[in-house]
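[1] here are the coordinates; sequence isn't available:
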């Protein structure tokens, strides 16, 4: 009796669309996770008339910004801080002199663009040698600036509700960012259309000017040759 060999059974493979559908919620959750605040640490030299050293961050209108500056020790030096924006009005949100140790400041932006945290280190003593102070700066913007633990204690929220509140803030930031990008795209489109129209008008002006110059040259040469009796 002959045995019939059967082909080895193959397990059904998951199709690529199924993998995409399974990984899509995970990808969305990863994208919605709040980004950690990034700190900046630098050395600020002391001078009699020091220039401002500014750290710039992008911030939208009506956004909460928490600035935490930790200034190191330094005898005969005075560090001043100023928070400004890059708008045409150059708004000054806060100005504070002689900050020491850890200083926490909060502002709410009212202009679109860049927000700058500027430092100046003045020499106040008689020593004019090489002096400097170390500044450790943290800037929290938007959802990162909100103290959700305080909100959870105040409103008696559970850990899941607190996380959902955080995700709500992050989603709002994403929507605001998309709205801002949409407005920028509309402005860029208007600028491109206006520039294209101006280039077209300039091209027509150039063509008409060259045509007029050519006609004038022909008439001028014709009259010149007639005066010289070269042509009838």
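    Done, it's in. A quick note: this is a predicted structure, and the numbers were derived from the prediction, not measured.
[2] Can you tell me the closest non-neighbouring residue to the spatially most central residue of the chain?
    Note on the chain: the residue nearest the mean C-alpha position is residue 58, at 3.7 Å, using C-alpha atoms, centre = their mean. With C-beta to C-beta, 6 or more residues apart in numbering as the measure, residue 114 is the residue that lies nearest to residue 58, at 6.0 Å, once sequence neighbours are left out. In short, each C-beta sits where N, CA and C put it, glycine included.
[3] one step back: report the separation between the residue nearest to the centre of the chain and residue 116.
    Going from residue 58 to residue 116 by C-beta to C-beta, to the nearest Å gives 11 Å.
[4] ok but the residue nearest to the centre of the chain is inside a strand, no?
    Yes. Residue state for residue 58 (DSSP: H, G, I helix; E, B strand; the rest coil) corresponds to a strand.
[5] Let me see the contact set for it.
    Going by C-beta atoms under 8 Å, 6 or more residues apart in numbering, residue 58 touches 113-115, 141.
[6] Could you tell me the model confidence score at it?
    For residue 58, the pLDDT comes out at 85.
[7] Could you do residue 32 as well?
    Residue 32 carries a pLDDT score of 45 in this model.
[8] Name all residues that make contact with residue 123.
    Applying C-beta under 8 Å, 6+ apart, the residues near residue 123 are 46-48, 76-77, 131.
[9] could you redo the last one with a cut-off of 10 Å?
    Residue 123 makes contact with 45-50, 74, 76-78, 129, 131, according to C-beta atoms under 10 Å, 6 or more residues apart in numbering.
[10] ok, so what distance separates it from residue 136?
    Between residue 123 and residue 136 the distance is 21 Å, computed by C-beta to C-beta.
[11] can you check residue 72 too?
    If you measure residue 72 against residue 136 using C-beta to C-beta, the figure is 8 Å.
[12] Please apply the same query to residue 176.
    29 Å.
[13] Confirm that residue 201 sits in a helix.
    Yes. Residue 201 forms part of a helix when assessed by three-state DSSP.
[14] Tell me where the model's unsure across the chain.
    Under the criterion pLDDT under 70, the flagged ranges of the chain are 1-38, 128-129, 232.
[15] all helices of it, in order?
    With DSSP state H as the definition, the chain shows helices at residue ranges 16-32, 148-155, 159-227.
[16] hang on, the earlier thing: I'd like the contacts of residue 58 written out as TSV, with distance to residue 168 added.
    Formatted as TSV, the contacts of residue 58 follow (distance: C-beta to C-beta, whole Å):
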residue	distance to residue 168
113	25
114	26
115	23
141	17
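[17] Looking at those residues, which are in strands?
    Filtering the contacts of residue 58 for membership in strands, criterion DSSP state E, returns 113-115, 141.
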